[in-house]
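K.L.:
Provided below are the primary sequence and the corresponding predicted coordinates.
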Amino acid sequence: MPDQIIYKEIPPHARLAPFIDAYWTVTGENAGYLADKVLPDACVDIILNTGPGFAAEVGATYMGTGGAYLIGTMTRHKEMVRPPGTRLVGIRFRPGGFPFFYDHELLRDTADRTIEFDPGLVPAIPESSAGLAAVLDRYFFHRFAIPSRETLTLIGAVHQAKGKITVGQLARSSFVTIRQLERLFQLHLDISPKEFIGVIRFQYAYAQVRRELSRRRLLDIACECGYYDHAHLSNEIRRYTGTSPSGI
C-alpha cells in the first residue's frame, strides 16, 4: 500500500455547528514521513495526539503522545510533517467560536502558534472513531456558555462581504468604534480585524483562482475579489500559500 495520510472530518451536532466547524482525525498507519501544507482559515484548533510524538514544523512545539495542543488563529500557511503511525484527533472551532467553550484568555498570544493545552480541559478519546462524535458532542454541550455574540455578528458581516470590506466600513455598519472592533477581535481571535478580513478575502479569492483561472484572467478575478490588480492578488496568494497563483 502506498504511503498515505488519511484525513476525515466529522460534523458536530447541529446545535454546536455555529461554533464548531468540524471534528477531524488524521491517521497514517502505513505512511512514512509525509509533508502536508495547511492554509490559513482564521480558525482555532485543539489537537489531541494519540499516536507517536513529533514536531510538525522545524522549531515548533513537540507534540508528545497523549498530549493536548492549541493551534492559535492561523494567518499564514504551515508545512506540516506527519510521522509514521500518526493518530491525531482535532476540534476545529469556527472564528470566534472558541470562547463559547473556554476562557478567551487562553487565546492570548497564540496566533500562528502551537502551544500545550491543559489535558484536563479535553475529553478522553475513545479507541473507535465510530463513537468519537458522540463523545465530543456530549463534552462540548456540557462546556457551552454564552459570551457576547457581538464578535460572531462582526465575523458574519466579513463573510457576507467575502472580505471585501475595510475595518472602517465594518465598524460603521456595526455601530461600533474601530477601537472597540480591535478589542473584540483581539479578545476572541487574538488577531486584528484587518488580519481577519485579509484571511477571509484570501479564502474566497483562492477558491475562485483554483476553480476559474484556466478560463478567466487573473486580473478579472482580482477585481471581483476586491484586490487592486492581479499583482496585488498574486502577492497575497504567495503570502498565504507560499506559492504563485499558477502553482495552486
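P.N.:
Perfect, I can see it now. For clarity, every value in this text was computed on a predicted model and none was experimentally measured. Numbers count the residues shown, from 1 in each chain.

K.L.:
Okay, buried residues for the helix or strand containing Arg210 please.
P.N.:
Assigned by DSSP states H and E, Arg210 belongs to helix 193-212. By neighbour count on 16 or more other C-beta atoms under 10 Å, the buried set for helix 193-212 is 193, 195-206, 208-209. Just so you know, the C-beta spots here come from the backbone N, C-alpha and C atoms, and that holds for glycine as well.

K.L.:
That helix: how far from the chain's middle?
P.N.:
Averaged C-alpha coordinates place helix 193-212 at 13 Å from its chain's average position (C-alpha atoms, centre = their mean, to the nearest Å).

K.L.:
same thing with stretch 68-80?
P.N.:
Remark: stretch 68-80 is offset 7 Å from the chain centroid, using C-alpha atoms, centre = their mean.

K.L.:
what mean pLDDT does that stretch have?
P.N.:
Average pLDDT, stretch 68-80: 90.

K.L.:
Any buried residues in it, and which?
P.N.:
Ala68, Tyr69, Leu70, Ile71, Gly72, Thr73, Met74, Thr75, Lys78, Met80.

K.L.:
Tally up the residues packed near the residue nearest to the third one when sequence neighbours are not counted, please.
P.N.:
Spelled out, it's Leu70. Distance criterion C-beta to C-beta, 6 or more residues apart in numbering; nearest residue to Leu70, sequence neighbours excluded, is Phe117 at 4.3 Å. Neighbour count of Phe117, defined by other C-beta atoms under 10 Å: 19.

K.L.:
Tell me the spacing between Phe117 and Thr73.
P.N.:
Distance, Phe117 to Thr73, using C-beta to C-beta, to the nearest Å: 15 Å.

K.L.:
repeat for Phe141
P.N.:
For Phe141, the distance to Thr73 equals 24 Å [C-beta to C-beta].

K.L.:
Please apply the same query to Glu116.
P.N.:
With distances taken as C-beta to C-beta, Glu116 is found 17 Å from Thr73.

K.L.:
just to revisit the earlier point, which one of the buried residues of helix 193-212 sits closest to Pro99?
P.N.:
Distance ranking of the buried residues of helix 193-212 against Pro99, using C-beta to C-beta, places Phe196 first at 14.8 Å.

K.L.:
where does the chain have its least confident helix or strand?
P.N.:
The helix or strand of the chain with the lowest confidence, counting by mean pLDDT, DSSP states H and E, is strand 34-38 at a mean of 74.

K.L.:
can you tell me the average pLDDT over the helix or strand that it is followed by?
P.N.:
Sequence order places strand 44-49 as the next helix or strand after strand 34-38, per DSSP H and E. Per-region confidence: strand 44-49 scores 96 on mean pLDDT.

K.L.:
What is strand 44-49 packed up against?
P.N.:
Judged by 3 or more C-beta pairs under 8 Å, 6 or more residues apart in numbering; DSSP states H and E, strand 44-49 is in contact with strand 68-71, strand 87-93.
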